[in-house]
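# Here's a sequence, model it:
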Amino acid sequence: MKHLIVVRHGDYYENGLSDDGRKKIKCLAHKLRPYVSGESVVILTSPVGRAYESAGILCSFFGVSCEKYEILWSENSHPKDFAGTLELVRLNNKSDTLILVTHYEYVETFPQYFAMSELGISLSSYLIGKGEAWVIDCQQKVLTHIR
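As a prediction, this is how the structure comes out:
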């Protein structure tokens with residue numbers, strides 16, 4: 001795997017994306033193009049509507065389908081499971097680019113967990129907004145914030 005991309009879903013109402021949320025994810029897709037252009041890409045998503053809809057926009061843009069995983073949803077009733085998510089990433093690391101579409105709890109700290117566990121490095125990060133992403137270059141061992 002060359003890149004692991006962790007995307008925070010777009011802005012939403014209730015359980016679906018707002019117009020602004022859809023626009024942000026479409027814009028994000030264009031900004032992610034350099035990281036997936038000409039490469040195989042796999043998209044995994046939380047089953048929650050706002051994440052699944054965000055993943056659908058990315059899937060349409062990159063011409064792939066996505067798979068839903070409960071483990072990528074974390075809220076009070078669904079605690080985050082970094083070890084399980086890392087195993088999911090390992091099972092899907094045959095692609096050049098793996099995109100996880102998820103929620104704040106994962107976007108906030110999973111990139112650092114992955115970097116330490118898989119790359120043996122510590123990466124600094126900060127909070128990112130809805131419709132933004134972290135790109136981990138697994139070869140260069142660099143974390144990039146895409147807004």
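
# Can you get me a residue count around Lys141?
Counted by other C-beta atoms under 10 Å, the residues lying close to Lys141 total 12. C-betas here are computed from N, CA, C, even on glycine.

# Show me what the longest helix along the chain is packed against.
Secondary structure assigned by DSSP state H gives helix 19-36 as the longest helix of the chain. Identification of packing neighbours for helix 19-36 by 3 or more C-beta pairs under 8 Å, 6 or more residues apart in numbering; DSSP states H and E yields strand 3-8, helix 49-62, strand 97-102, strand 133-137, strand 142-146.

# Next secondary structure element downstream of it?
Sequence order places strand 41-45 as the next helix or strand after helix 19-36, per DSSP states H and E.

# re earlier: which of the helices and strands packed on helix 19-36 sits closest to Arg22?
Among these, helix 49-62 comes nearest to Arg22, with 6.5 Å by C-beta to C-beta.

# Can you name the residues in contact with that closest one?
7, 9-10, 12, 14-17, 21-22, 25-26, 28-30, 32, 36, 41, 43-46, 65-66, 68, 72-73, 99, 101-103, 131 (C-beta atoms under 8 Å, 6 or more residues apart in numbering).
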